[in-house]
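*Asks:* Sharing a sequence plus its predicted fold:
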Amino acid sequence: MIDIVRASFNFDTPAPPEDDLIAYARRIFDKMDTAVEELLSFEDYSLYLAVEEGSVKGFGKVAVYASAFVTCVAQYGSFIQGVEIIKRQGNDVAQAIIRAASGDEMLQHIPIKTRVDTRAVSRLERLFVKVRDREISPEDATLRALAVLDPTKTELPPEAQCEIAIAFGSLRLNPEQLPLDLEIGEKTVPPSIPTPRRNKPITAAQHLLVVIERKEKLSQPRFRKEYR
């Protein structure tokens, strides 16, 4: 499976009691599930949410099978347009996760640090740009895209691989830019002096990690907790 979106959040606040943290994780997972159902155009997907104390940190992601990804992309008329639409949907899901995390009654009005990553979709978009800018060939881009979507080479059927190759081959290339012959002397940059790293103090404190995941849309969520 490939990750469509990842969202992480971190609250700089003392950890709540264990039961409260578990209840919080369950509430966020339910809202994450609802957001994916409403915003993503996939018939099947997996969900993963981890919430850890030591402040309060969370990480959620949505993943789909590569074949389902290509099928979903195809319904938008073109591979390129489909990738752009799914990226927007993934960002919307990530923002919904963050809103659920920060708007929960347990952590309202506490400053939050967040990060959103659309993973495979962003990597495909970068390949589109490289082909248009003539940095790589459509054939090379196709191979790289297949490595992103199907690293085990077991999920994508030949027709899906062909569709990806056609998409890269149909990209309109940007005009070539002539190199400027500027005679500028090279500047000598003094070597940087490495800054010694301080060893982090070893602590014996353990943090509770709560994980809720569902492998398929119609399966039941699985819950586990551990101390790290």
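*Replies:* Ah, there it is. Residues are numbered from 1 along each chain as shown.
*Asks:* Where does pLDDT dip in this structure?
*Replies:* 177-205 (pLDDT under 70).
*Asks:* Look through it and tell me its longest helix.
*Replies:* Assignment by DSSP state H gives helix 79-103 as the longest helix of the chain.
*Asks:* Summarise which helices and strands that helix is packed against.
*Replies:* strand 2-11, helix 18-39, strand 56-64, helix 66-74, strand 112-117, helix 119-132, helix 158-169 (3 or more CB pairs under 8 Å, 6 or more residues apart in numbering; DSSP states H and E). To be clear about C-beta, it is placed using only N, CA and C from the backbone, and glycine gets the same treatment.
*Asks:* just checking, what packs against the second one?
*Replies:* Counting contacts by 3+ CB pairs under 8 Å, 6+ apart, helix 18-39 packs against strand 46-53, strand 56-64, helix 79-103, strand 208-214.
*Asks:* repeat that for 6 Å
*Replies:* In terms of contacts (3 or more CB pairs under 6 Å, 6 or more residues apart in numbering; DSSP states H and E), helix 18-39 is packed against strand 46-53, helix 79-103, strand 208-214.
*Asks:* out of the helices and strands packed on helix 79-103, nearest to E84?
*Replies:* Taking CB to CB, helix 119-132 is the member of these nearest to E84, at 7.3 Å.
*Asks:* Packing partners of the closest one?
*Replies:* Judged by 3+ CB pairs under 6 Å, 6+ apart, helix 119-132 is in contact with helix 79-103, helix 138-149.
*Asks:* Please produce TSV containing these, extended by mean neighbour count.
*Replies:* Listed next are the helices and strands packed on helix 119-132 as TSV, based on neighbours: other CB atoms under 10 Å:
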stretch	mean neighbour count
helix 79-103	20
helix 138-149	18
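*Asks:* Quick one: these as JSON lines, columns for distance to E213 too.
*Replies:* Shown next, in JSON lines, are the helices and strands packed on helix 119-132 (distance: least, CB to CB, whole Å):
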{"stretch": "helix 79-103", "distance to E213": "14"}
{"stretch": "helix 138-149", "distance to E213": "22"}
